[in-house]
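Q: Provided below are the primary sequence and the corresponding predicted coordinates.
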Amino acid sequence: MNEMRAIVRSLHGAEAEIEPVGGNGCGRCASGKGCGSGKLSQLFCSSKPRTFKVGNAANARVGDEVNVGLPDGVLLRNSILMYVLPLTFMLVAALLASALFAEAPDGAAMLGAVSGLLAGFLVVRQLTKRSGMQAVVRSVVSAAGS
C-alpha cells in the first residue's frame with residue numbers, strides 16, 4: 001500500500017478533500033545539491049495547493065493530519081489505462097476516419113485522431129470512477145486543535 005500524509009481541508013459526505021503535506025521534490029532543492037525536479041515542478045506546475053477527494057474510512061475531521069493509502073497496483077493500472085487506452089482510441093479512430101473519407105484522408109485522419117483521443121480520455125475517466133479503487137484515509141495522525 002502506498003501511503004502519504006495529508007491535511008483534511010473539507011468533508012463531502014463519506015469523502016474528505018485532502019491537501020498533501022510536503023513540497024515537491026525530495027527536499028534537497030533548497031540546498032542546491034538535488035536533481036532539480038522540484039524546481040521543474042515549480043516552473044511547470046501551478047503554485048496553488050493541490051487537493052484530492054478520497055474515501056474517509058477513519059472519520060477524520062477538517063484540519064486533521066491523516067495517513068492516506070492507495071491500494072497496491074492501482075497507481076500502475078491507472079497509469080497504463082491513462083496512456084494506453086487514449087492512444088489506442090486515437091490510432092483506431094484516425095485509421096477508420098482515413099479509410100471512410102478517402103477524398104480527404106489527411107484531414108479526416110486528423111479529426112479522427114483528436115476525437116478518438118478525447119473519447120479515450122472519457123472512457124478512462126468512467127473506468128477509474130467505477131473501479132471503486134481509490135485512495136482512503138487510513139488513520140488520523142494528529143487531530144485538529146490538539
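A: Structure's in. What do you need? The model shown is predicted, which means the values in this text are computed figures rather than measured ones. Numbers count the residues shown, from 1 in each chain.
Q: Select the helix or strand of the protein having the lowest average pLDDT value.
A: Scoring the helices and strands of the chain by mean pLDDT, DSSP states H and E places helix 37-44 at the bottom, with a mean of 57.
Q: contacts for the next helix-or-strand element following that one?
A: Once the chain leaves helix 37-44, the next helix or strand it forms, by DSSP states H and E, is strand 52-55. With contacts defined as C-beta atoms under 8 Å, 6 or more residues apart in numbering, strand 52-55 is touched by 6, 12, 14-18, 20, 68, 134-137. In this view, the C-beta of every residue, glycine as well, is placed from N, C-alpha and C.
Q: Break down the protein into its helices, ranges please.
A: Ranges of helices within the chain are 37-44, 74-100, 105-130, based on DSSP state H.
Q: Select the longest strand from the chain.
A: Across the chain, the longest stretch assigned as strand under DSSP state E is strand 2-12.
Q: do you know how far the nearest residue to residue 143 once chain neighbours are set aside is from residue 77?
A: For residue 143, the nearest residue in space outside its immediate sequence neighbours is residue 64; the separation is 5.4 Å by C-beta to C-beta, 6 or more residues apart in numbering. Going from residue 64 to residue 77 by C-beta to C-beta, to the nearest Å gives 29 Å.
Q: Compare these two and say which is more crowded by neighbours.
A: residue 64 (23 against 15; other C-beta atoms under 10 Å).
Q: pLDDT score for that one?
A: pLDDT for residue 64: 88.
Q: what's it in contact with, if anything?
A: Residue 64 sits next to 7, 8, 140, 141, 142, 143, 144 when contact means C-beta under 8 Å, 6+ apart.
Q: so what's the second one bridging to?
A: Following DSSP bridges, residue 8 is listed with bridge partners residue 18.
Q: Distance of it relative to residue 129?
A: From residue 8 across to residue 129, the span is 22 Å (C-beta to C-beta).
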